[in-house]
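S.K.: Based on what follows, work out the 3D shape:
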Amino acid sequence: MILSKDCLKKITSIILFSAFFFSYSPSFAQTFELDSVSEEAHILPPAEQEHALTAQNAGHADKEKFNAGEMILEHIGDAHEWHILTLGDHHVTVPLPVILLNDGKLDVFMSGGFHHGEQDVTTKNGNTYRLNHKGKIESVDGASFYDFSITKNVLTLFVSAIILLFLFIGIANSYIKNKNKAPNGMQAVVEPFVIFIRDEVAKPAIGAKYNRYMPFLLTIFFFIWINNMLGLIPIIPFGANLTGNIAVTMTLAMFTFIISLVVSNKNYWAHILAPDIPKSLYILLVPIEILGVFLKPFVLTLRLFANMTAGHIIPLAFISLIFIFAEMSPMAGYGVSVISVGLSVFMKVLELLVCFLQAYVFTLLSAMYIGMATEEHSHDAHEHH
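M.R.: Numbering: from 1, shown residues only. Sure thing, here's the model as predicted:
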């Protein structure tokens, strides 16, 4: 049996813990009341007021043009609603629950009440909130609050957690029913990847104690891989850039960092704090080694975040070229569309490979960090050499 029942239980526990940890890490929001531009305009001399109005009109004209950067950031960022399409001036969206803890009182309502940021929402507790131009909720009176809302990324996280639980619980039941039999169904699909992580990642990187860390390694591998793949499906509730969210990648990296610190042995710290070099070099090398310990989670965080975000940005950038050239000339837009669509499809196909590679690299680096922290040095072999 490749996956023991105990191992599957651990994987399930990690998935559940991760889902709630990611989704309910409260973000502390505080807003400040600012004077409006219109109020400032009243104290300006007439000439400057005219100049300000001209600049404002020019700004409105610029907003009518296609803004590629704004479009891309809107698609890859998190949001309190799920945008499906735009028909003229009408936005077709799916509102999501807003859950705010303000002064010990819970405010719960649907994000549709904001009407895409055009209206404020006043709750039963008398608190009034608005959606700013960045898509963030702020209190009108400037009060601080905790935001536990179910955003687009949080919803995707719950969906992926359900998929992972369904997948591994089903495989566990298959193992129980078909003991000592050839794998079939999803069991046959998943087992090669489990063997791959065991034989090509865990054993070489960690060594004899690899089995202890297999539940964690399998969880992060399948979690990252499945969410990477779900991000390529452009229909609700998929298509969110979950693994391109730096909070998610940082949390995964912190799991690896904490585990490597907890299981580290004296040999690991001896190599960092008292390396086998001339003591005169300690003042130079030891700070670098200590810094390296804390840089490892940042390397994991930025590697996954940057690669997956770039994978979402590049196809959108190619599609944006169609609208940019179309503003110059409709024929230019049609001409560029052939190349843009072709390159976008090519990048999406390439992204299928990148989804797997990023999950593999993150899991491999995590296993290497754990292996470095738990490595046992043989004194006899050291003296012999």
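S.K.: okay, now the domains of this structure?
M.R.: Following automatic domain parsing, one finds the domains of the chain at 5-17+153-384, 26-150.
S.K.: Can you add mean neighbour count and mean pLDDT and give those back as a markdown table?
M.R.: For the C-beta atoms, the positions are set from N, CA and C on the backbone; glycine is no exception. Formatted as a markdown table, the domains of the chain follow (neighbours: other C-beta atoms under 10 Å; pLDDT from 0 to 100):
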| stretch | mean neighbour count | mean pLDDT |
| --- | --- | --- |
| domain 5-17+153-384 | 16 | 87 |
| domain 26-150 | 13 | 73 |
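S.K.: quick one: the strands in the chain?
M.R.: Assignment of strands within the chain using DSSP state E yields the ranges 27-29, 81-87, 90-95, 97-102, 105-110, 121-122, 128-131, 137-139, 145-147.
S.K.: what angle do the fifth one and strand 97-102 make?
M.R.: To tie it back to what came earlier, the one meant is strand 105-110. Here the directions of strand 105-110 and strand 97-102 differ by 160 degrees (axes from the mean of the first three to the mean of the last three C-alpha atoms, to 10 degrees).
S.K.: circling back: out of the strands of the chain, which comes closest to Ile195?
M.R.: strand 81-87 (37.4 Å; C-beta to C-beta).
S.K.: what helices or strands is that closest one leaning on?
M.R.: When contacts are defined as 3 or more C-beta pairs under 8 Å, 6 or more residues apart in numbering; DSSP states H and E, strand 81-87 sits against strand 90-95, helix 152-177.
S.K.: can you do 6 Å?
M.R.: strand 90-95 (3 or more C-beta pairs under 6 Å, 6 or more residues apart in numbering; DSSP states H and E).
S.K.: so what strands line up beside the strand it packs on?
M.R.: Strand pairing for strand 90-95, using DSSP bridges, gives strand 81-87 (antiparallel).
S.K.: longest helix anywhere in the chain?
M.R.: Using DSSP state H, we find that the single longest helix of the chain is helix 282-328.
S.K.: Which secondary structure elements does that one sit against?
M.R.: helix 68-76, helix 246-263, helix 330-374.
S.K.: Out of those helices, which gets nearest to Phe305?
M.R.: Nearest to Phe305, of the helices and strands packed on helix 282-328 and by C-beta to C-beta, is helix 246-263 at 4.4 Å.
S.K.: got the angle for that closest one vs helix 330-374?
M.R.: Orientation of helix 246-263 against helix 330-374 (the same axes, to 10 degrees) gives an angle of 10 degrees.
S.K.: now helix 246-263 against helix 152-177, angle please.
M.R.: Per the same axes, to 10 degrees, the angle that helix 246-263 makes with helix 152-177 is 50 degrees.
S.K.: Residue numbering should commence at 440 henceforth.
M.R.: Let's use 440 as the start, then, which means that last one is helix 685-702.
S.K.: roughly how far is helix 685-702 from the heart of the chain?
M.R.: Counting by C-alpha atoms, centre = their mean, to the nearest Å, helix 685-702 is centred 14 Å from the centre of its parent chain.
S.K.: Give me the helices and strands touching that helix, please.
M.R.: Applying 3+ C-beta pairs under 6 Å, 6+ apart, one finds that helix 685-702 contacts helix 721-767, helix 769-813.
S.K.: residues in contact with the closest residue to Ser599 other than its chain neighbours?
M.R.: Among residues not flanking Ser599 along the chain, Asn666 sits closest, at 5.0 Å (C-beta to C-beta, 6 or more residues apart in numbering). Listed by C-beta atoms under 6 Å, 6 or more residues apart in numbering, the contact partners of Asn666 are 599, 681-682.
S.K.: Kindly report the same for Met549.
M.R.: With C-beta under 6 Å, 6+ apart, Met549 has these contacts: Pro534.
S.K.: Please report how far it lies from Leu535.
M.R.: Applying C-beta to C-beta, to the nearest Å, the value for Met549 to Leu535 is 7 Å.
S.K.: What of Thr802?
M.R.: In terms of C-beta to C-beta, Thr802 sits 31 Å off from Leu535.
S.K.: One more: Ile511?
M.R.: Ile511 is 21 Å from Leu535, where distance means C-beta to C-beta.
S.K.: go on, Met625?
M.R.: 30 Å.
S.K.: before we move on, what about Asn623?
M.R.: With the distance defined as C-beta to C-beta, Asn623 ends up 39 Å from Leu535.
S.K.: now do Phe655
M.R.: 30 Å.
S.K.: try Thr525
M.R.: From Thr525 over to Leu535 (counting by C-beta to C-beta), the distance is 18 Å.
S.K.: repeat for His519
M.R.: 6 Å.
S.K.: And Asn506, by the same measure?
M.R.: With the distance defined as C-beta to C-beta, Asn506 ends up 25 Å from Leu535.
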